[in-house]
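Q: no sequence for this one, just the structure:
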């Protein structure tokens, strides 16, 4: 482990420590999270998912940040993506059990709200599957487009605020990696199982857990980038 890795770990630990050491901080988090779920979704993803991308950069390039990477623009994008993810969680967590009721599982809504059971795991799996097959591909593609936009404009805030050239970026994406790895492998083998766990958790912890998965996403994105360079 290099010195910069130790410094990085210490900074992250110091940031998280108050939530575990001081009851007042933890209580404030819980209250604010319940009363302002969308705001907290923005903050959680802006911080944790960007942290994951920095870790991914460390794996790929040996540094946590570099010129042109665009930490601030990435955090802004992740914040707004967090709002979309929260919206998707609400839509699919309500809509999928309702569909299961329509299909004959009359207690699907009650099972999801109850204690952990095989029925709850099944409903959570159905929510995760529907969300990751319908919402995730669009979300992942849009995120890749914004990443490309940030890099193309030098990682600056001024460059980030320029109009996104969707018509140019979309066909330039490495669809071999996007389809062959991001869609075909990470969705069925990681995201569906991971979000099944997510929807088994109490509602107030779901977005935090999903944001923590953003750290894992950073690693996956670095792997995808390395694969793309080999093509």
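A: Yep, that arrived. Since this is a predicted model, take the numbers as computed values, not measurements.

Q: which SS class is the residue of the chain most remote from its centre?
A: In the chain, the residue that sits farthest from the middle, by CA atoms, centre = their mean, is residue 104; the gap is 32.1 Å. Per DSSP: H, G, I helix; E, B strand; the rest coil, the secondary structure class of residue 104 is coil.

Q: just the pLDDT for it.
A: Residue 104 is assigned a pLDDT of 96 by the prediction.

Q: and the strand or helix carrying residue 137, which residues are buried?
A: Counting by DSSP states H and E, the element that carries residue 137 is helix 136-152. Across helix 136-152, burial judged by 16 or more other CB atoms under 10 Å covers 136, 139-141, 143-150, 152. Quick note: C-beta positions are derived from backbone N, CA and C, even for glycine.

Q: over to stretch 44-52?
A: 44-52.

Q: just give me how far stretch 139-158 sits from the chain centre.
A: 16 Å (CA atoms, centre = their mean, to the nearest Å).

Q: which residues in the protein form helices?
A: Assigned by DSSP state H, the chain shows helices spanning 3-21, 23-35, 37-44, 50-61, 71-102, 108-113, 118-134, 136-152, 157-160, 166-172, 175-177, 192-198, 203-230.

Q: tell me which of the ones you listed lies nearest to residue 183.
A: helix 136-152 (5.9 Å; CB to CB).

Q: by contact count, what packs against that closest one?
A: Helix 136-152 is packed against helix 71-102, helix 157-160, helix 166-172, with contacts defined by 3 or more CB pairs under 8 Å, 6 or more residues apart in numbering; DSSP states H and E.

Q: what mean pLDDT does that helix get?
A: Here the average pLDDT along helix 136-152 is 95.

Q: what sits up against that helix?
A: The set of residues external to helix 136-152 that reach it, using CB atoms under 8 Å, 6 or more residues apart in numbering, is 68-70, 73-74, 77, 81, 84-85, 88, 159-160, 162, 164-166, 169-170, 172-173, 178, 182-183, 187, 191, 221.

Q: mind redoing it with 6 Å?
A: Contacts to helix 136-152, defined as CB atoms under 6 Å, 6 or more residues apart in numbering, come from residues 70, 73, 77, 160, 164, 169, 173, 182-183, 187.

Q: just the residues you listed: which has the poorest pLDDT?
A: Minimum pLDDT across the contacts of helix 136-152 falls on residue 182, with 89.

Q: counting neighbours, what do you get for residue 63?
A: Neighbourhood size, residue 63 [other CB atoms under 10 Å]: 11.

Q: could you measure from it over to residue 152?
A: Between residue 63 and residue 152 the computed distance is 20 Å (CB to CB, to the nearest Å).
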